[in-house]
Every structure is written in C-alpha cells, then in structure tokens.
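**Student:** Predicted coordinates and the sequence they were generated for:
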Amino acid sequence: MYAQIGASTYKPRNYSYIDYISPEEFDKRIEEASIVVSHGASGSIMKALNAGKKVIAVTRLEKYGEHINDHQIQNNITLSDKGYVISANLELDNLGECFMMITDNNKHLKRWENKDRQALLGMIDDFIKGNWN
C-alpha cells in the first residue's frame with residue numbers, strides 16, 4: 001500500500017507515503033496497483049479506470065477545508081451509481097467494507113471503456129441536471 005497524502009497532518013504508520021508525487025510517479029504507482037483509492041477528482045479516477053484498475057472513491061469535503069465546495073460528492077455518486085467505482089461514505093467509516101467488497105468479489109465493477117472522451121462529463125452533467133433544478 002502506498003499513499004500520496006498531500007498537505008495532510010495525518011502521517012500513516014502502517015504503509016509507505018509521500019506528501020506529493022510527480023505525474024510520472026503517479027502513473028507508475030497506478031500501473032503497479034491492483035486497487036486505487038482516489039479522491040473524487042475526475043482526472044485521478046479516470047487515470048485509474050483507464051488503466052483497468054478497481055477504484056474506491058473517497059470525497060474531499062468543504063467542511064474540512066479539503067476543497068472549495070462539495071462537487072466531488074456528485075462525481076463519486078455518479079460513477080458509483082453507474083457501477084464503475086465503489087464510493088466510500090462521506091465520513092469514510094465504511095472504507096474497510098469497500099476493500100472487502102472488491103477483494104471478496106462481492107461488488108462486480110464495470111470495466112471502463114474510454115470510447116468517448118466526453119463520456120464522464122456527460123454522465124456528471126446528466127446527474128446534476130436530474131438532481132438540481
């Protein structure tokens with residue numbers, strides 16, 4: 001297990017980590033991974049899905065000062081509802097369960113096929129239009 005932790009004050013004790021990695025190192029780590037835990041940024045998630053990885057999506061929240069708004073909630077819900085990722089709940093108290101769903105094959109995720117580079121944007125746009133007036 002390996003993590004990019006960013007500006008977090010939490011320092012993992014049970015796995016390797018770095019504050020920030022280069023895009024090249026990020027690509028290398030994605031290729032080596034069997035499961036990727038990603039915040040809800042569409043670019044990070046899409047990089048993992050395009051590499052054929054199983055993804056657990058976690059949400060960076062405005063209330064913790066992690067982001068300027070809560071747009072990642074919509075990203076994660078949309079991709080989870082479509083069956084491409086497993087989305088952890090907002091407080092992450094089901095993160096272990098998310099790992100178990102993947103490792104025990106209890107959750108069959110759809111394989112992402114990037115036939116349309118705008119597909120993700122369309123899915124998110126459809127979700128937002130359907131849920132907000």
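**Tutor:** Received the coordinates, thanks. Residues are numbered from 1 along each chain as shown.

**Student:** CA atoms for contacts and neighbours, from now on please.
**Tutor:** OK.

**Student:** Distance across stretch 103-123, terminal residue to terminal residue?
**Tutor:** Stretch 103-123 has its terminal residues 27 Å apart, counting by CA to CA, to the nearest Å.

**Student:** before we move on, what about stretch 91-111?
**Tutor:** First residue to last in stretch 91-111 (CA to CA) measures 27 Å.

**Student:** List the buried residues in that stretch.
**Tutor:** Counting neighbours by 16 or more other CA atoms under 10 Å, one finds that the buried residues in stretch 91-111 are Leu95, Cys98, Phe99, Ile102, Leu109.

**Student:** which one among those gets closest to Thr78?
**Tutor:** Nearest to Thr78, judged by CA to CA, of the buried residues of stretch 91-111 is Leu109 at 13.5 Å.

**Student:** so who does the closest one touch?
**Tutor:** Residues near Leu109 by CA atoms under 8 Å, 6 or more residues apart in numbering: Lys54, Gly83, Tyr84, Val85, Ile86.

**Student:** What segments of this protein are helices?
**Tutor:** Secondary structure of the chain by DSSP state H: the helices cover 23-32, 42-50, 71-81, 95-103, 119-131.

**Student:** roughly how far apart are Gly96 and Lys47?
**Tutor:** Distance, Gly96 to Lys47, using CA to CA: 23 Å.

**Student:** likewise Arg29?
**Tutor:** On the measure of CA to CA, Arg29 and Lys47 end up 11 Å apart.

**Student:** And Ile56, by the same measure?
**Tutor:** Distance of Ile56 to Lys47, given as CA to CA: 13 Å.

**Student:** who touches both of these two?
**Tutor:** Shared contacts of Ile56 and Lys47, defined by CA under 8 Å, 6+ apart, are absent.
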